[in-house]
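Chemist: turn this into a structure:
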Amino acid sequence: MGDAFVEVEFQRFWRRLQQLGLNAYESRSYLVLLGHPKFKALELAARAQLNVGMCRMAQKRYADAGAALLVVPYTYDYPELNALALLEAARAFSENKQPGQAVRLLDSLTGGLAGLRVAVLGAAYRAGVKETAFSGVFAITRELGRRAALPLVHDPLYTESELCGLGFVPYCLGEPCNAAIVHTDHPEYSTLTPADLPGIRALVDGRAIIDPRPWSSVPLHVLGIGGPAQPAGERAHRQPRTQRAGRG
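Modeler: Next comes the predicted model:
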């Protein structure tokens, strides 16, 4: 009888909280504060940690997201939450490996990067945010340098002096380059054409934002989760423009 009463009270509270506009996480938090026996503080903590990881994923701070998500299965004993956290952590680590994957692909497309001027488009970790913390641009430029290429960095949010202050050689659209990698999904990059990157031999789009139609004469490959990169021309014919290559 006691358990039945608890369940009835829970349903009554839950409906009322939803009517007040609280989401599921906020409702659980409120019931924990009330001491409701259906929700325990540890479960709330696990869900909060999972939420932190998912927020980092949305911000494209993949290394930080993976670390936050792995706290859940290693700290709490909630099988459903643990399974979800592990799945999302795997996705975060897959995304975090894309800088190296982009450089390897570009090396393959160009037949070797040694001596080439490579434009890295985007220093910020995500579009519209002037912040390089957790940005993959550092890993990309290091790997390019290791392969004897000259990495050049462009970002509409940063001045040339600011890019120099971050340790980069600045690049301006319209200057000659041999190859390029789209690192940040700034909307300005979605309409790029070969004329904006004179002399370009290959482009790797790490954010799936480039309109492939002007690039029929230049190899353009799109990176995505869960499969190898596909030529943009094939992607344009086989799936909608908004869908990333490699996603199931």
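
Chemist: and stretch 65-84, average pLDDT?
Modeler: Mean per-residue pLDDT for stretch 65-84: 83.

Chemist: heads up, I number from 313, so please use that
Modeler: With 313 as the first residue, the last one maps to stretch 377-396.

Chemist: mind giving me the domain ranges of the protein?
Modeler: For the chain, the domain assignment from automatic domain parsing gives the residue ranges 314-408, 410-550.

Chemist: so who does Phe412 touch?
Modeler: Actually, residue 412 is Gly rather than Phe. The contact partners of Gly412, taken as CB atoms under 8 Å, 6 or more residues apart in numbering, are 451, 455. To be clear about C-beta, it is placed using only N, CA and C from the backbone, and glycine gets the same treatment.

Chemist: okay, and it sits in which element?
Modeler: helix 410-422 (DSSP states H and E).

Chemist: within the sheet, what are the partner strands of the following helix or strand past that helix, with directions?
Modeler: Once the chain leaves helix 410-422, the next helix or strand it forms, by DSSP H and E, is strand 429-433. Here strand 429-433 has these sheet partners by DSSP bridges: strand 462-466 (parallel), strand 491-494 (parallel).

Chemist: tell me which of those strands is the most buried.
Modeler: Mean neighbour count, computed with mean count of other CB atoms under 10 Å, is highest for strand 491-494 among those, reaching a mean of 27.

Chemist: picking up where we left off before, and the helix holding Gly412, how far out from the chain middle?
Modeler: Distance, stretch centre to chain centre, for helix 410-422: 17 Å (CA atoms, centre = their mean, to the nearest Å).

Chemist: and the domains of the chain, which is most packed in?
Modeler: domain 410-550 (a mean of 19).

Chemist: as JSON lines, the strands paired with strand 429-433 with mean pLDDT and distance to Arg327 would be great.
Modeler: What follows is those, written out as JSON lines (pLDDT from 0 to 100; distance: least, CB to CB, whole Å):
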{"stretch": "strand 462-466", "mean pLDDT": "98", "distance to Arg327": "53"}
{"stretch": "strand 491-494", "mean pLDDT": "96", "distance to Arg327": "47"}
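
Chemist: I'd like to know which of those strands lies nearest to Ser529.
Modeler: strand 491-494 (14.6 Å; CB to CB).

Chemist: for that closest one, the distance to its chain's centre please.
Modeler: 17 Å.

Chemist: which residues touch that strand?
Modeler: By CB under 8 Å, 6+ apart, strand 491-494 touches 414-415, 418, 421-422, 425, 428-434, 452, 461, 501, 509, 512-519, 521-522.

Chemist: the helix or strand just after that strand pairs with which strands, and in what direction?
Modeler: Using DSSP H and E, the helix or strand that follows strand 491-494 in sequence is strand 514-517. Here strand 514-517 is paired, per DSSP bridges, with strand 491-494 (parallel), strand 532-534 (parallel).
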